[in-house]
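# this one's structure only:
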């Protein structure tokens, strides 16, 4: 089952050649405007942790 998408986002993904099964398997979905900051912060923290773990920083 495809997660929640803004109609234009799903259309763009399909136009790029991605199949619904690929979109679903990748866990891609539209982030609501009020959640963007939270998501970016979480991704940033994860990247910093991985870089530190690999000795890059």
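Thanks, I have the structure now. Just so it is clear, the model here is predicted, and its values are computed rather than measured.
# hmm, which helix or strand of this protein has the shakiest average pLDDT?
When the helices and strands of the chain are scored by mean pLDDT, DSSP states H and E, helix 36-53 comes last with a mean of 74.
# any idea how far the residue nearest to residue 31 when sequence neighbours are not counted lies from residue 50?
The shortest distance from residue 31 to any non-neighbouring residue, by C-beta to C-beta, 6 or more residues apart in numbering, is to residue 39 (5.3 Å). For the C-beta atoms, the positions are set from N, CA and C on the backbone; glycine is no exception. Using C-beta to C-beta, to the nearest Å, one gets 17 Å for the distance from residue 39 to residue 50.
# How about residue 28?
Separation of residue 28 from residue 50 (C-beta to C-beta): 21 Å.
# More neighbours: these two, which one.
Neighbour tally, residue 28 and residue 50, criterion other C-beta atoms under 10 Å: the higher count belongs to residue 28, 15 against 11.
# So that one sits against residue 13, correct?
Yes - the pair residue 28 / residue 13 is scored as a contact, 6.8 Å apart, by C-beta atoms under 8 Å.
# looking just at contacts, which helices and strands does the helix or strand containing residue 25 meet?
Here residue 25 sits within helix 20-26, counting by DSSP states H and E. With contacts taken as 3 or more C-beta pairs under 8 Å, 6 or more residues apart in numbering; DSSP states H and E, helix 20-26 sits against helix 7-15.
# what's the offset of the helix it packs on from the middle of its chain?
Put simply, helix 7-15 sits 14 Å off its chain's centre (C-alpha atoms, centre = their mean, to the nearest Å).
# Check stretch 45-55 too.
The chain centre lies 19 Å from the centre of stretch 45-55; the measure is C-alpha atoms, centre = their mean.
# again with stretch 47-57
Distance, stretch centre to chain centre, for stretch 47-57: 20 Å (C-alpha atoms, centre = their mean).
# Also stretch 26-38?
Here stretch 26-38 shows a centroid-to-chain-centroid distance of 7 Å under the convention C-alpha atoms, centre = their mean.
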